[in-house]
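A.B. asks: here is a sequence with its predicted model. Questions after.
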Amino acid sequence: MSSATTNETPPAPVEAFAQVEQAGGPLLPLRKAGLARFAERGYPTTSDEDWRFTSLKPLADLPFLPTLEPLGQALGQADIADITFGQHDVDRLVFIDGHFSSDLSIILEQPDGVTITNLSNRLSGLENEIGSLSANDENPFIALNDAFFTDGALIQIPANGSLAKPVHLVFLSTANEASQATHIRNWIEAGANAQGTIIESHLSLGQAVASTNVVTETRVSAGANLEHIKFQDQSLNAIHLASLHSELSNDARYAFHSFALGARLSRNNLRMRLAKPGIECVLNGLYMTRADQLADHHMIVDHAAPHCDSHEYFNGILDDQSRGVFHGRILVQPVAQKTDAKQTNKNLILSDNATANTKPQLEIYADDVKCTHGATIGEMDDDAIFYLRARGLDTKTARRMLMHGFAGEIVDRIQHDGVREELDQLVWNRLEGEHHLD
Amino acid sequence: MSAHTDTIDEFVASEYKYGFVTDIESESLDPGLNEDVVRFISAKKNEPEWLLEWRLKALRHFEKMENPTWPHVKYPPVDFQEISYYSAPKKKGDGPKSLDEVDPKLLETYEKLGVPLHERARLAGVAVDAVFDSESIGTTFKEDLAKAGVIFCSISEAVQEHPELVKKYIGKVVPYTDNFYAALNSAVFSDGSFVYIPKGTRCPMELSTYFRINAANTGQFERTLIVAEESSHVSYLEGCTAPMRDENQLHAAVVELVALDNAEIKYSTVQNWYPGDEEGRGGIYNFVTKRGICKTNAKISWTQVETGSAITWKYPSVILQGDNSIGEFYSVALTNKAQQADTGTKMVHIGKNTRSTIVSKGISAGKGQNSYRGLVQVGKKATNARNFSQCDSLLIGDKCGAHTFPYIEAKNPSASIEHEATTSKIGEDQIFYCNQRGLEPQDAVNMIVNGFCKEVFRELPMEFAVEAQKLLDVSLEGSVG
């Protein structure tokens, strides 16, 4: 592994760690190990194959100011009344710059055994769990998160239980000062045959060049069914780095939807481990970028057991001088016979200066499998426009209709009706309002 | 499943039939790589000063480079000081003036390989340049070609006879700084073929080079340069074999193609170097750099059938520099026993309205690992660039692997790029269907595999297509999915 680092050891994280160390706590060993790992590797550069198209220079150049204490901005219910999904009947956990806000959070009655709280509130018993799913990942941002995370959501659904209503995790960044770095850690666990819908929003109230680094670990037990919708709509100055590590068990079903609309630089690392037979895993995403945004999705689906299905669908709409990056790897281990894996990445380029980079990869060591992948990059299909024009629509309407279809393909896979409808409308308004559709 | 195990084992054990060694006196350089070796090779070939300088620059650059580790292949590190960089059949006196004077043992070797070197090969209508270890031993049909103005000779001869052409084009498509093995090749290349097609000429026959590694402990480093002047056309074939030996041998070639305005080059390869045994002992390391450049309206088409080599690592590429130029890549790569292949192509779209097609068929059997790695790059100015890629993999047996690593980069909104890949195995239902109709399981597999590869074989010149099909049948003997 060639691990070129930008600086020998960025001094800032090491210095900032003193405060974390002083605070102590049961997770100190994890934090120390994380810091050591990060100090060894530093920020990745574009000479690392996994970061080839995504330069972290904007982040590496900033001093490191972790938001270990709340930034002190008082927010009321009114401030967040208008946020996306704010009107749904959901339970809500709100975090401001990585710190739990009990005033803004609403947890109504959930069935017995369901835990919905902030992670730092209920650490006992989780000391050895946190970091267990992300441990083998070399991504230095996980190491950094291990060392510095302040809080995050804890959701536990017991066996045969289900969430009474969806849980909405709201992560607000209020940073008005450049280089503030928020580190969030989530732990989600669904017991055998459990069910639930989780919505995760990342929004900015401030406009600073601040970064968010979120690591989520999800354990989905046998027969459980989890839908997870991630909506990232941070300010166009923000840097958003996320990793999701999921371990799925027998006959589990997990659908993850990623909507990457905001942030100047966003990166979603998705690591799915299909460890037992009969799993169905859907990764579904839409990225819409403009100005100088860069949206990167990087996923590895590890088929480590037979009879599992995985489907990845990622569509991108790229405008101005923005860039869309997609890396998808389906790994089929020798034991994973009867795997059915599908991967598609489609990119629509709206301007002369937008760039798409895509690497859809298959790595297959079993013979009785069905694996396909496809990728397309291009403008809107002239034939399709002609078809619609022949039926009396003008070019403008035809283009809009096709674009709607292109984005709608992804939105439609969301099972939760309310969320799907709201996102459908939002995506559409966004396209109409901000992108060059004509 | 279990019913078929025997036949799979049998298939895995099928023999390499070109594994004989020709007992011929050869002149080899002691193993080792240094400036003296480069000077020796250059002096041996009576090369002009500029070429020696170029070789030395390449050597210095090579010494600064590190062996790349990104390919999806595993092998013990190559010790470059253990290899002999020059081996040639010993010549009597000044060497043969014509094929009649060539050592009959050599001709016998090529006879065994089925390569027509003698004039009776006129019937086959193919002009052949045969390269034995480091040296070209003879080129047929020179006169006929000369009448058309076509130059077809070994590259050492071209350096003597047409230095201006060699100087103008060598290292222009693949500079010595390009990669590790290109640098090595530039420093120590010993021979290879040179083709020059003058303006407006359609080469009257197929040109062909046959490469043979014979001596032990040697590496073969040949360099091929094909220049097609404006509005010319040439079809070039390349075939390779090597004896069975327990140690690994290195083959690091460089092929450069230049297609000027409106020219067309079709380059076909049937690569059947010794693949090693089922434990992975022996076999050729085939680390090759092949690249062509297309000027306006030009076309370069690569077709390859890769059945040999312990490790194949090559990406025949096309730089589509001129407007309206076309690049094509058709490949069948078979890995059996412990073979590993990491192969694919690069299509770099620079000019407007450039088009490229990639069809790659990978077949993995035994413990073979087969990877497709490709790049489709569309530059900012490549308006209306079009690419279609298809990479299909077929798995036979459950110990092999098939991998796909495509890279797609687009910087122009009018570009249209499509990539598709599938991985599957030969279904028992397909075999059963054929059995019912009276076909032996073996024939059924051959038929299915040939059908799988049809799109590629169709692109090969006729004689080669037949050979490739046979090669695949032999390699697949006894296999049932």
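C.D. replies: Cool, got the structure. Note that the coordinates shown come from a computational prediction; the quantities given were computed from them, not determined experimentally.
A.B. asks: tell me which residue is most central in chain A.
C.D. replies: Central residue of chain A (C-alpha atoms, centre = their mean): A:N268, 4.8 Å from the mean position.
A.B. asks: Provide the secondary structure category for that one.
C.D. replies: Assigned by DSSP: H, G, I helix; E, B strand; the rest coil, the conformation of A:N268 is strand.
A.B. asks: give the helix, strand or coil label for the closest residue to chain B within the stretch 51-200 of chain A.
C.D. replies: Closest residue of the stretch 51-200 of chain A to chain B, C-beta to the nearest C-beta: A:F53 (8.0 Å). C-betas here are computed from N, CA, C, even on glycine. Of the three states, A:F53 takes coil according to three-state DSSP.
A.B. asks: what residues are up against it?
C.D. replies: A:T46, A:D296, A:R323, A:V325, A:N357 (C-beta atoms under 8 Å, 6 or more residues apart in numbering or on different chains).
A.B. asks: contact partners for the second one?
C.D. replies: The contact partners of A:D296, taken as C-beta under 8 Å, 6+ apart, are A:F53, A:T54, A:L265, A:S266, A:R267, A:N268, A:G324, A:V325, A:F326, A:H327.
A.B. asks: chain A against chain B: which residues are in contact?
C.D. replies: Residues of chain A lying close to chain B by C-beta under 8 Å from any C-beta of the partner chain are A:2, A:49, A:334, A:337, A:347, A:349-379.
A.B. asks: just the buried ones from these?
C.D. replies: A:337, A:347, A:349-350, A:353-369, A:371-378 (16 or more other C-beta atoms under 10 Å in any protein chain shown).
A.B. asks: which of these fall in helices?
C.D. replies: In helices, defined here by DSSP state H, there are no members of those.
A.B. asks: give me the number of residues near residue 405?
C.D. replies: Defaulting to chain A. 11 (other C-beta atoms under 10 Å in any protein chain shown).
A.B. asks: wrong one, chain B
C.D. replies: 21.
A.B. asks: what is it paired to in the beta sheet?
C.D. replies: B:R373 (DSSP bridges).
A.B. asks: ok, it touching B:N370?
C.D. replies: No. Look at B:F405 against B:N370 with C-beta atoms under 8 Å: they stay out of range, at 11.5 Å.
A.B. asks: please enumerate the strands of the stretch 251-400 of chain B.
C.D. replies: B:254-259, B:264-271, B:283-294, B:299-306, B:311-314, B:317-320, B:326-335, B:340-343, B:346-349, B:355-364, B:369-378, B:386-395 (DSSP state E, counting those that start in this stretch).
A.B. asks: so which of the buried ones among the residues of chain A next to chain B are in strands?
C.D. replies: Assigned to strands by DSSP state E, the following of those qualify: A:347, A:349, A:355-364, A:371-378.
A.B. asks: mind giving me the domain split of the chain?
C.D. replies: You didn't say which chain, so I picked chain A. The domain map for chain A lists A:11-276, A:380-438, with the assignment taken from automatic domain parsing.
A.B. asks: I was thinking of chain B, sorry if that wasn't clear
C.D. replies: When chain B is cut into domains by automatic domain parsing, you get B:2-314, B:428-481.
A.B. asks: want to try JSON lines for these, with mean neighbour count, distance to chain A and mean pLDDT as columns?
C.D. replies: Below are the domains of chain B laid out as JSON lines (neighbours: other C-beta atoms under 10 Å in any protein chain shown; distance: least, C-beta to the nearest C-beta, whole Å; pLDDT from 0 to 100):
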{"stretch": "domain B:2-314", "mean neighbour count": "19", "distance to chain A": "7", "mean pLDDT": "79"}
{"stretch": "domain B:428-481", "mean neighbour count": "17", "distance to chain A": "8", "mean pLDDT": "79"}
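A.B. asks: now these as JSON lines including distance to A:V214?
C.D. replies: What follows is the domains of chain B, written out as JSON lines (distance: least, C-beta to C-beta, whole Å):
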{"stretch": "domain B:2-314", "distance to A:V214": "30"}
{"stretch": "domain B:428-481", "distance to A:V214": "45"}
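A.B. asks: so which of those comes closest to B:S416?
C.D. replies: domain B:2-314 (18.9 Å; C-beta to C-beta).
A.B. asks: how near is A:Y43 to A:D137?
C.D. replies: Distance, A:Y43 to A:D137, by C-beta to C-beta, to the nearest Å: 15 Å.
A.B. asks: compare these two (neighbour count), which wins?
C.D. replies: Legend: neighbour count by other C-beta under 10 Å for A:Y43 and A:D137, higher for A:Y43 (20 against 16).
A.B. asks: what is the burial count for the residue lying closest to that one once chain neighbours are set aside?
C.D. replies: With C-beta to C-beta, 6 or more residues apart in numbering or on different chains as the measure, A:A60 is the residue that lies nearest to A:Y43, at 4.4 Å, once sequence neighbours are left out. Other residues near A:A60 come to 16 when the count uses other C-beta under 10 Å.
A.B. asks: how close does A:A60 sit to A:F141?
C.D. replies: A:A60 is 12 Å from A:F141, where distance means C-beta to C-beta.
A.B. asks: check contacts around A:G76.
C.D. replies: By C-beta under 8 Å, 6+ apart, the contact set of A:G76 is A:D103, A:L104.
A.B. asks: where are the low-confidence patches of the stretch 1-150 of chain A?
C.D. replies: When residues are selected by pLDDT under 70, those of the stretch 1-150 of chain A lie in A:1-11.
A.B. asks: what about the helices in it?
C.D. replies: A:11-23, A:28-41, A:57-60, A:140-148 (DSSP state H, counting those that start in this stretch).
A.B. asks: for the ones you listed, which one sits closest to A:G392?
C.D. replies: Taking C-beta to C-beta, helix A:57-60 is the member of these nearest to A:G392, at 47.6 Å.
A.B. asks: one step back: ok, the residue nearest to A:Y43 touching A:W51?
C.D. replies: No. The pair A:A60 and A:W51 does not pass the contact test of C-beta under 8 Å, sitting 11.1 Å apart.
A.B. asks: backbone phi and psi for the closest residue to A:D137 other than its chain neighbours, please?
C.D. replies: Leaving out its chain neighbours, the residue that sits closest to A:D137 by C-beta to C-beta, 6+ apart is A:R271, at 6.4 Å. Dihedral angles of A:R271 (phi, psi; degrees, to the nearest 10) stand at phi -130, psi 110.
A.B. asks: list the residues that contact A:R271.
C.D. replies: A:R271 makes contact with A:S134, A:D137, A:S243, A:L244, A:H245, A:S246, A:M299, A:I300, A:D302, according to C-beta under 8 Å, 6+ apart.
A.B. asks: burial check on the first one, number of neighbours?
C.D. replies: Yep, that's A:S134 we're talking about. Neighbour count for A:S134, taken as other C-beta under 10 Å: 21.
A.B. asks: now the closest residue to it other than its chain neighbours, which residues is it bridged with?
C.D. replies: Excluding the flanking residues, the one nearest A:S134 by C-beta to C-beta, 6+ apart is A:H245, at 4.5 Å. With DSSP bridges as the criterion, A:H245 is bridged to A:E217, A:R271.
A.B. asks: count the residues that sit near A:H245.
C.D. replies: As a burial measure, A:H245 scores 23 neighbours (other C-beta under 10 Å).
A.B. asks: nothing else from me, thank you.
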